[in-house]
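[1] Below are the sequence and a predicted model; questions follow.
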Amino acid sequence: MGKMRLPSATLALIAVVFCAGPVRQGRAQGTTPVLAVAEIHYVDTSGEVIDQSADHRRRLREFEAALRNDLAASGKLANAALECPPNACSVGDIDDRQLLGKAEQAGATHLLIGRFHKMSTLVQQAKFDVIDVKARKFVFDRHITFRGDNDAAWRRAESFLARQILDSREW
């Protein structure tokens, strides 16, 4: 059997399709989502005698900073900072529409909002949502529960949430 020869126009078309495919794909992949992480709202209904509000505020700010760092370090997301006074930029402080407006002003494509609820001395629950700023729709939501109210427990919860966000198909 002899060699099959393709017309030069067919070869040129194959070359264009072959070369153009990865270029288009590269542009789509080159767009890094920009995530603004709002302060996380915290409610403690555990009834504990000891006032731990200062520790909780510290842990919340550390949780938020670690989450921003872990997500940005992945290379899958970039950070945007919301313009808010300290301790006044959570869903407990201002409504979702205002937070979305602040995220848009910061150049974010997505906004992460979160709420912690300490139910007892051992159990905390949290709900996290990521909202597509332009489409104004939820693209990620997670409920997590963790045991403990110490730095190590909070670090484990943050690490878990960061992995969940990065593993999400949205990004």
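    Arrived safely, thanks for sending. Bear in mind the structure is a predicted one, so any value in this text is a computation, not a measurement.
[2] tally of neighbours for Phe146?
    By other C-beta atoms under 10 Å, 18 other residues sit near Phe146. For every residue, glycine as well, the C-beta is placed using N, CA and C.
[3] could you pull out the helices for this protein?
    Using DSSP state H, the helices found in the chain span residues 8-30, 53-73, 96-105, 151-167.
[4] which stretch in those is the model least sure about?
    Note on the helices of the chain: lowest mean pLDDT is at helix 8-30, with a mean of 35.
[5] so how far is the first residue of stretch 126-145 from its last?
    End-to-end distance of stretch 126-145 (C-alpha to C-alpha, to the nearest Å): 6 Å.
[6] in stretch 116-128, what's buried?
    Applying a neighbour-count criterion of 16 or more other C-beta atoms under 10 Å, one finds 116-118, 124, 126, 128 buried in stretch 116-128.
[7] That one: end-to-end distance?
    Terminal residues of stretch 116-128 are spaced 9 Å apart (C-alpha to C-alpha).
[8] So which residues make contact with it?
    Residues outside stretch 116-128 that contact it (C-beta atoms under 8 Å, 6 or more residues apart in numbering) are 40-46, 48, 56, 60, 112-115, 140-149, 153, 157, 161, 165.
[9] Among those, which lie within strands?
    Secondary structure from DSSP state E places 41-44, 112-115, 140-147 of the contacts of stretch 116-128 in strands.
[10] just the buried members of the residues you listed?
    Among the ones in strands among the contacts of stretch 116-128, those buried by neighbour count (16+ other C-beta under 10 Å) are 41-42, 44, 112-115, 140, 146.
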